[in-house]
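In: Following is a predicted model, sequence given first.
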Amino acid sequence: MASTLIVDQLQKTGGSTTALTLPTSNASASEFLQNDGAGALSWASASAGFHKVTVFTSSSSAGGYSPDTGVTKLIVEVQGGGGNAGNNDGSGYEGGSGGGGGYAMKYLPGMSSSDTITITVGGINGTSSFARVGGTAFTTITCAGGTTGAVASGAGGTGGTGGAASNGDLNINGGSGHFGGYSDAGGSSVLGIGGSRHNGATSTPSAAAGYGGGGGTAGGISQAGGAGSAGVVIVWEYK
């Protein structure tokens, strides 16, 4: 009866003589009515568009991440952790500041909810990665952490090395740390800012801000270097 009424109304208002066949069941939440071009109507989910973003500040279990049902595309951001600054020695020489972690961004089409992926979030100095366990093939996205600045020993310590990024569509290595005693701010990353240097015999250095920044050098004698910041993995899902 409902089908006949709808077709009659279409014929009165639009003059169409094409019969439309309605679905026999109700729709699920968020589904829409689509036409196959021959008059058969059916319920369908949206085939494209943003679904959600998830920020991972800790690692998943092995194969612990899968896209939601209906998701077909991912944009993944991977940020390695930053390094600590080296400690000062008893004569007031300063340790090197820490290096920033590498960053990569990757577009992954053709994904599905059956794909299983391991997400690793690097801590201080740690490597972050996005690696396939099963399903759609792609090369593991890897971003190394920045290294710790050298401890001072009768001279300023050398700065930590910035972490390398690989296998993204966009790969940006982390900024290097600095030699103790000069420009001693920590190396920055795409998603983090290196800690600044503090002066004074008892001052403490700044820890890195954000994700993947290197720690800043301390001022004074026998002071500990500033802390780097951990990495992060961000996954954008699209249908």
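Out: Arrived safely. Numbers count the residues shown, from 1 in each chain.

In: didn't residue 166 look like it was pressed against residue 142?
Out: Yes: with contacts counted by Cβ atoms under 8 Å, residue 166 reaches residue 142, the gap being 5.2 Å. Placement of C-beta: from N, CA and C, glycine included.

In: With neighbour numbers in mind, choose between these two.
Out: Between residue 166 and residue 142, residue 142 has the larger neighbour count (other Cβ atoms under 10 Å), namely 23 against 16.

In: Can you give me the end-to-end span of stretch 161-170?
Out: By Cα to Cα, to the nearest Å, the extent of stretch 161-170 from end to end equals 20 Å.

In: circling back: what residues do residue 166 and residue 142 have in common as contacts?
Out: Shared contacts of residue 166 and residue 142, defined by Cβ atoms under 8 Å, 6 or more residues apart in numbering, comprise residue 104.

In: Specify the beta-bridge partners of residue 234.
Out: residue 55, residue 77 (DSSP bridges).

In: Going by contacts, tell me the helices and strands next to the host helix or strand of residue 117.
Out: Per DSSP states H and E, residue 117 falls inside strand 116-120. Strand 116-120 sits against strand 128-134, strand 232-238, with contacts defined as 3 or more Cβ pairs under 8 Å, 6 or more residues apart in numbering; DSSP states H and E.

In: Select, out of those strands, the one closest to residue 71.
Out: Shortest distance between residue 71 and these, using Cβ to Cβ, is found for strand 232-238: 4.6 Å.

In: Compute the inter-axis angle for the strand holding residue 117 and strand 232-238.
Out: Using axes from the mean of the first three to the mean of the last three Cα atoms, to 10 degrees, the interaxial angle of strand 116-120 with respect to strand 232-238 works out to 150 degrees.

In: To residue 162, which of the helices and strands packed on strand 116-120 lies closest?
Out: Checking the helices and strands packed on strand 116-120 against residue 162 by Cβ to Cβ gives strand 128-134 as the closest, at 14.1 Å.

In: Can you list the buried residues in that closest one?
Out: The neighbour-count check on strand 128-134 (16 or more other Cβ atoms under 10 Å) flags 128, 129, 130, 132 as buried.

In: still on that earlier bit, can you add mean pLDDT and give the helices and strands packed on strand 116-120 back as TSV?
Out: Converted to TSV, those look like this (pLDDT from 0 to 100):
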stretch	mean pLDDT
strand 128-134	97
strand 232-238	98
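
In: closest to residue 107 out of those strands?
Out: Short answer: strand 232-238, nearest of these by Cβ to Cβ, at 9.5 Å.

In: residue ranges of the helices in this structure, please?
Out: Taking DSSP state H as the criterion, the chain carries its helices at 2-14.

In: the bottom helix or strand of it by mean pLDDT?
Out: helix 2-14 (a mean of 47; mean pLDDT, DSSP states H and E).

In: so where is the protein shaky, pLDDT-wise?
Out: Residue ranges of the chain with pLDDT under 70: 1-18, 29-30, 45-47, 182-183, 199-203.
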